[in-house]
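[1] for reference, the sequence and a predicted model appear below.
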Amino acid sequence: MDGLTGKQRLGLGLINVSIALGFAGTFWGVYSSFDALKMNESAGIGAVGAGIYIALVCSIGGIVGAIAGTLILIFGRARSDKE
């Protein structure tokens, strides 16, 4: 990883952290949905809705963070190539 600028390292870090948090939140949301189903076998959408909501929000957050980190990485590389 030698030769990376500070912005590029920031971009890579943002990508890694957002993907990790997105996956963790998604798994947690799905797990809590299945846990609610296990507790109440005839559960409707209300019982699993909170877990599905958490999973979707965390997935979206991970995607947005990864895109932001990728853009920082790309523009940081383009700027350093110009100099």
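    On my side now, so go ahead.
[2] contacts, neighbours, all on C-alpha from now
    Will do.
[3] and residue 66, what does it touch?
    14, 15, 16, 18, 19 (C-alpha atoms under 8 Å, 6 or more residues apart in numbering).
[4] among those, name the buried ones.
    14, 15, 16, 18, 19 (16 or more other C-alpha atoms under 10 Å).
[5] for residue 58, grab the count of nearby residues.
    23 (other C-alpha atoms under 10 Å).
[6] with residue 10 instead?
    Look at residue 10: counted by other C-alpha under 10 Å, it has 17 neighbours.
[7] didn't it look like it was pressed against residue 69?
    Yes: if you go by C-alpha atoms under 8 Å, residue 10 and residue 69 touch, sitting 7.4 Å apart.
[8] picking that back up, any chance of the buried ones among the contacts of residue 66 in JSON lines with distance to residue 65, pLDDT and secondary structure as columns?
    Formatted as JSON lines, these follow (distance: C-alpha to C-alpha, whole Å; pLDDT from 0 to 100; DSSP: H, G, I helix; E, B strand; the rest coil):
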{"residue": "14", "distance to residue 65": "7", "pLDDT": "80", "secondary structure": "helix"}
{"residue": "15", "distance to residue 65": "6", "pLDDT": "81", "secondary structure": "helix"}
{"residue": "16", "distance to residue 65": "9", "pLDDT": "85", "secondary structure": "helix"}
{"residue": "18", "distance to residue 65": "5", "pLDDT": "82", "secondary structure": "helix"}
{"residue": "19", "distance to residue 65": "7", "pLDDT": "83", "secondary structure": "helix"}
